[in-house]
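**Student:** model this:
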Amino acid sequence: MQQLKTAVAVFCTACICAELVGRLLGDVWGRQCIKAAAGLYILVALFHALPSIRAGVASFAPPDVPAASFGTMEDVVLQQTQRSLADQLEAQIAEETGLAVTLDIVLASTQTGVQVVRAEVSAPAGTTPQDRTAVQELLCNTLETGTEAIAWTGQAEGG
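**Tutor:** Predicted coordinates for the structure are as follows:
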């Protein structure tokens, strides 16, 4: 590598000298000859340094990092569907009952399609049993599932 640095320094020096010769003497031919000789010198130095550069590249090994697994395309679509369905149902519950609940829906792929495995509901503080019943009925009807699939988690908003 040191040889390559030296060759670059010599080439730059030769170009500067060629420009000075051209400016002082107005000799275009002399300037072109100096630049051509410097160019040949850097090519020779490059080819001379190439085996050591190749050896350095051959010994380079990228780090061994395990590939991240994002699952199959079906898993990605299922996750996106879960989030989209939860967002739609949160908006529907807010519109029909006035409650700002947070849903976490888990879907599973079956041979015939997709089914709801679990729906976790976080309700705001002060939610009455009647409100819970209304939300549960709405989820059961919309998701076509029984009450066993609906789980109430801790209160949202710190309550």
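**Student:** contacts for stretch 110-120?
**Tutor:** Contacts with stretch 110-120, where a contact means CB atoms under 8 Å, 6 or more residues apart in numbering, come from 78, 81, 103-108, 139, 143-145, 149-153. C-beta coordinates here come from the backbone N, C-alpha and C atoms, glycine included.
**Student:** Tell me the buried residues within those.
**Tutor:** L78, L103, I105, L107, L139, L143, T145, A149, I150 (16 or more other CB atoms under 10 Å).
**Student:** Please list all residues in contact with the fourth one.
**Tutor:** Read it as L107. Taking CB under 8 Å, 6+ apart, we find L107 in contact with L78, T81, Q82, L85, V114, Q115, V116, V117.
**Student:** Give me the buried subset of those residues.
**Tutor:** Neighbour counting with 16+ other CB under 10 Å marks L78, Q82, L85, V116 as buried within the contacts of L107.
**Student:** for those residues, which one is nearest Q2?
**Tutor:** Closest to Q2 out of those is L78 (57.8 Å), distances taken as CB to CB.
**Student:** need the contact list for the residue nearest to A14 when sequence neighbours are not counted.
**Tutor:** Ranked by CB to CB, 6 or more residues apart in numbering and with sequence neighbours excluded, the top spatial neighbour of A14 is A38, at 3.2 Å. Contacts were defined as CB under 8 Å, 6+ apart; by that measure A38 touches V10, F11, A14, C15, A18.
**Student:** so what's the second one scoring on pLDDT?
**Tutor:** Same thing as F11. If you check F11, the pLDDT there is 73.
**Student:** can you confirm the residue nearest to A14 is in a strand?
**Tutor:** No - applying DSSP: H, G, I helix; E, B strand; the rest coil, one finds A38 to be helix, outside a strand.
**Student:** Closest one of the contacts of L107 to T133?
**Tutor:** Distance ranking of the contacts of L107 against T133, using CB to CB, places V116 first at 18.7 Å.
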